[in-house]
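Asks: I need the structure of the sequence given here:
(one chain, ligands or ions: 1)
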Amino acid sequence: MTRVKKSPPRWREKSGAGVLRAWSALSLGLEAAPAKLACFTLLSLVGGALPVLVGWLTKLVIDRLSERATESGLLALGLALAVAGILQAVLPHAVGYLQAEIGRDIGVLAQGRLFASLSRFTGLQRFEDPVFHDRLRLAKQSGRTAPFDVVSGTLGCLRACVTTGGFLGSLLALAPLMAAAVLISSVPVLVAELVLSRRRARLLWQISPRERREFFYDQLLSNVDAAKEIRLFGIGGFLMDRLQRERREANAATRRMDRRELTTQSALSLLAALVSGAGLLWAVISAVNGRLTLGDVAIFIAAVAGVQVSTAQFAGDFARAHHAVTLFTHYQAVIDAEPDLAQASRPHACDPLEHSIELRDVWFRYADDQPWVLEGVSLRIPMGSSAALVGLNGSGKSTLVKLLCRFYDPTRGAIMWDGVDIRDMDAAQLRHRLTAVFQDFMHYDLSAHENIALGDLEHLGDTGRVTDAARRAGAHETIAALPKGYDTLVTRMFFPDNDNEDADSSSGVLLSGGQFQRLALARGLIREGRDFLILDEPASGLDAQSEHAMNRSLQEFHHGRTSLLISHRLGSVREANRIFVLSEGRIVEEGDHASLMASHGVYAQLFTLQAAGYADELRPAAVTLDAS
Ligand SMILES: Nc1ncnc2c1ncn2[C@@H]1O[C@H](COP(=O)(O)OP(=O)(O)OP(=O)(O)O)[C@@H](O)[C@H]1O
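Replies: Below you'll find the predicted structure:
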């Protein structure tokens, strides 16, 4: 079976890619709101022509007034001027409304595309990559704004071209030299805006690690889970200093950019003012000499100002579109990124397990520059048997679980499902055959029912199934006693019905750590009929009585199922058909409880140590009992 080789993400710019990206951004806009965009285009072009029309109408009115023309002609001109003025006043509001509408439509489409593309990353590696996080943050931002900025920037340029063209024509007729001077003075504006926009986009990318760290401290300082330690250890000030340091550093970088913009733009505005001042002087002298009429002077002044304003607008819009296209790189990069796990070109079906799951000489490290976590692990779990994995902290147990769920692929070696390498299977199909409870389980800010049913969405409304899973996990009594039973929100983060201000906020409750762990277990157990059950420390937060009850319930549930249990509490693994002892990434012992105890190895030492801890406490009690 051939596999498509996974390649590193393409973060670098390719030459000519800008035009393609601009087109992608434009097509996203066209797809999201074609009719609104058509209206927006029309209104933008009318908006571009209006200043020229108003300029000419003003000139005609002034000329007629100075010629003392008939009242009816003047009235028509005045009326036209009034209509153009009204349009000029109203258009920006209509354009603004359309702009917001188009922005909203593009936002929804871009967000959907972005998150759909994230689901192509079936593993976890991308989410642990800081560069990817920066890219994703900018992709979310640019996906929402860039397509519209490209569209509106392009239309802005078009509108500015219409205005500039109209006024330049007027200037050419009156003073060709002045037209050339105004045009030439606008070239540096355009170049400067382009350079600045490129720098602005680069700056955003450069400060993104700082902003990510700032976000981290920000979340930490406002997170209820962190609040206990922050208050107890008095580290709020320390964290706030770090938060502010990141902000100050980011601000320093943006300030440098702002200053550069300030000096460049001020110098260019000065140049524009000098050109228009010289033009004004020439126009006044020409009017005094009788070479220009009063109307000519009026249209001249309007034309010089109009050309300068619209070329500056052109430069600004062009820079905005250019900046948006540059930022859109991040959106496009996330959308186009290769899947993080190798994908078989013709995946092998993941059939129900018939024989065994097997790790063959599996080596794994999280990245090339990281140490090995697993160093040649080989183990076999026959179908229908219960296996257990024990080992010290950091020996690689949870890593092995993540490999079994195919969140990562082994660096070397293979994991076989009935003799088929799981890399040759579709990851989603494989996961459909598994169920798992992770050591770092999730707690969803939803109802108790949903917290369990999320384990098997096909049965979201199946109350009986949810209750059964809760019973097996020992969570039923707790949930049933909640104010609204299974419908109780197990969070204080959201009010019921979200936006309903009158909702009774007291109906959301928080559970204890152990109770949340039972919900997580129920979420894993609701996935009935799966071929392989993985439990990574499912009882770490339970009291002794609950753990005992859960062990018994799980033993019943395990019976005849293929399962892997990881636990530091060796009392709960002793019933497993086969126990594997993992030490520093290697399986150092395996066998059932009795044989491992008889071999007096690592397992026996650990078990004896744990048992002795309890026995020491029990002995005096036993003596006391005997004595009585
Ligand atoms: N996402 C990760 N990126 C890099 N290193 C990791 C990652 N997750 C775990 N590690 C490293 O892998 C090693 C094994 O971790 P793992 O969580 O598999 O151990 P464990 O046996 O489950 O430990 P514990 O008993 O404490 O749960 C550790 O040294 C840890 O630092």
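Asks: did I read that right, Ile381 in a helix?
Replies: No: with DSSP: H, G, I helix; E, B strand; the rest coil as the criterion, Ile381 is strand rather than part of a helix.
Asks: so what's it up against?
Replies: Ser356, Ile357, Glu358, Ala387, Phe532, Thr562, Leu564, Arg578 (C-beta atoms under 8 Å, 6 or more residues apart in numbering). No exception for glycine: its C-beta is placed from N, CA and C like everyone else's.
Asks: switch to 6 Å and redo it
Replies: Ile357, Ala387 (C-beta atoms under 6 Å, 6 or more residues apart in numbering).
Asks: now Ala287
Replies: Ala287 sits in contact with Val297, where contact means C-beta under 6 Å, 6+ apart.
Asks: Next SSE downstream of the helix or strand where Thr263 lies?
Replies: In the assignment (DSSP states H and E), Thr263 maps to helix 236-288. Under the assignment DSSP H and E, the closest C-terminal helix or strand after helix 236-288 is helix 294-336.
Asks: okay, the angle between that following helix and helix 236-288?
Replies: Helix 294-336 and helix 236-288 are oriented at 150 degrees to each other (axes from the mean of the first three to the mean of the last three C-alpha atoms, to 10 degrees).
Asks: mean confidence for helix 294-336?
Replies: If you average the pLDDT over helix 294-336, you get 83.
Asks: repeat for stretch 133-142
Replies: So the average pLDDT for stretch 133-142 ends up being 85.
Asks: Which residues does it contact?
Replies: In contact with stretch 133-142 (C-beta under 6 Å, 6+ apart) are residues Ser208, Arg212, Leu327, Phe328, His330, Tyr331, Ala333, Val334.
Asks: I'd like these laid out as a markdown table, including distance to the ligand and neighbour count.
Replies: Listed next are the contacts of stretch 133-142 as a markdown table, based on distance: C-beta to the nearest ligand atom, whole Å; neighbours: other C-beta atoms under 10 Å:
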| residue | distance to the ligand | neighbour count |
| --- | --- | --- |
| Ser208 | 21 | 19 |
| Arg212 | 17 | 14 |
| Leu327 | 30 | 26 |
| Phe328 | 30 | 28 |
| His330 | 24 | 25 |
| Tyr331 | 26 | 29 |
| Ala333 | 23 | 20 |
| Val334 | 21 | 25 |
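Asks: Looking at those residues, spot the one nearest Leu42.
Replies: Phe328 (25.1 Å; C-beta to C-beta).
Asks: Name the nearest residue to that closest one, sequence neighbours excluded.
Replies: Of all residues not flanking Phe328 in the chain, Ala146 sits nearest, at 4.1 Å (C-beta to C-beta, 6 or more residues apart in numbering).
Asks: residues from the stretch 51-200 of the chain in reach of the ligand?
Replies: Within the stretch 51-200 of the chain, the positions adjacent to the ligand are Glu128 by C-beta under 6 Å from any ligand atom.
Asks: Would you quantify the distance from the residue nearest to Phe328 to Thr329?
Replies: Per C-beta to C-beta, to the nearest Å, Ala146 is found 9 Å from Thr329.
Asks: Same drill for these two, tell me which one is more crowded.
Replies: Ala146 (32 against 24; other C-beta atoms under 10 Å).
Asks: Please identify the helix or strand for the more buried one.
Replies: Going by DSSP H and E, Ala146 is part of helix 130-174.
Asks: Which strands or helices does the helix or strand following that helix pack on?
Replies: Using DSSP H and E, the next helix or strand after helix 130-174 towards the C-terminus is helix 176-221. Packing partners of helix 176-221 (3 or more C-beta pairs under 6 Å, 6 or more residues apart in numbering; DSSP states H and E): helix 130-174, helix 236-288, helix 294-336.
Asks: what's the model's confidence in the longest one, averaged?
Replies: On average, the pLDDT along helix 236-288 is 89.
Asks: on that earlier part again, export the contacts of stretch 133-142 to a markdown table and tack on distance to His348?
Replies: Formatted as a markdown table, the contacts of stretch 133-142 follow (distance: C-beta to C-beta, whole Å):
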| residue | distance to His348 |
| --- | --- |
| Ser208 | 40 |
| Arg212 | 39 |
| Leu327 | 41 |
| Phe328 | 38 |
| His330 | 35 |
| Tyr331 | 34 |
| Ala333 | 31 |
| Val334 | 29 |
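Asks: Give me the residue at the spatial middle of this structure.
Replies: In the chain, the centroid-proximal residue (C-alpha atoms, centre = their mean) is Leu136; its distance is 4.9 Å.
Asks: Now do that one against Asp296, distance only.
Replies: Noted for Leu136: a distance of 58 Å to Asp296, by C-beta to C-beta.
Asks: and if you look at Glu450?
Replies: Distance from Glu450 to Asp296, by C-beta to C-beta: 75 Å.
Asks: Between those two, which is the more surrounded one?
Replies: Ranked by neighbour count (other C-beta under 10 Å), Glu450 and Asp296 place Asp296 first, with 21 against 17.
Asks: What about the residue nearest to that one when sequence neighbours are not counted, how many residues nearby?
Replies: Leaving aside its sequence neighbours, Asp296 sits nearest to Leu174 (C-beta to C-beta, 6+ apart; 5.9 Å). By the measure other C-beta under 10 Å, the count of residues near Leu174 is 21.
Asks: please renumber so the chain begins at 197
Replies: Yep, numbering from 197; the last one is Leu370 now.
Asks: what's the pLDDT at Leu370?
Replies: The per-residue pLDDT reported for Leu370 equals 76.
Asks: For the ligand, give me its nearest residue in the stretch 297-446 of the chain.
Replies: Across the stretch 297-446 of the chain, the shortest distance to the ligand (C-beta to the nearest ligand atom) belongs to Glu324, at 5.3 Å.
Asks: tell me the phi and psi of that residue?
Replies: Torsion angles at Glu324 (phi, psi; degrees, to the nearest 10) stand at phi -100, psi 0.
Asks: For the nearest residue to it once chain neighbours are set aside, which three-state class applies?
Replies: Distances taken as C-beta to C-beta, 6+ apart place Tyr562 nearest to Glu324, at 7.5 Å, with adjacent residues excluded. Classification of Tyr562 using three-state DSSP returns coil.
Asks: try Val586
Replies: The three-state label given to Val586 by three-state DSSP is strand.
Asks: how near is it to Pro535?
Replies: For Val586 relative to Pro535 (C-beta to C-beta), the value is 34 Å.
Asks: and these two? which has more neighbours close in?
Replies: Val586 (25 against 14).
Asks: residues touching that one, list them.
Replies: Val777.
Asks: is it in a bridge, and if so with what?
Replies: Val777 (DSSP bridges).
Asks: Read off the pLDDT value for it.
Replies: 93.
Asks: what residues does this structure put near the ligand?
Replies: Residues of the chain that fall close to the ligand, judged by C-beta under 6 Å from any ligand atom: 324, 562, 566, 569, 587, 589-595, 635.
Asks: Out of the helices and strands packed on helix 372-417, which gets nearest to Tyr682?
Replies: Nearest to Tyr682, of the helices and strands packed on helix 372-417 and by C-beta to C-beta, is helix 326-370 at 34.3 Å.
Asks: ok so, going back, I'd say the residue nearest to Asp492 and Ile495 touch.
Replies: No: taking contacts as C-beta atoms under 6 Å, Leu370 lies outside contact range of Ile495: 7.3 Å.
Asks: so where is the chain shaky, pLDDT-wise?
Replies: 197-214, 264-268, 690-703, 754, 809-824 (pLDDT under 70).
Asks: go again using 50 as the cut-off
Replies: 197-208, 211, 695, 698-699, 817-824 (pLDDT under 50).
Asks: Distance check, Met579 against the ligand.
Replies: Between Met579 and the ligand the distance is 25 Å, computed by C-beta to the nearest ligand atom, to the nearest Å.
Asks: and the gap between that residue and Phe728?
Replies: Met579 is 9 Å from Phe728, by C-beta to C-beta.
Asks: picking up where we left off before, any idea how far the helix holding Ala342 is from the chain center?
Replies: 25 Å (C-alpha atoms, centre = their mean, to the nearest Å).
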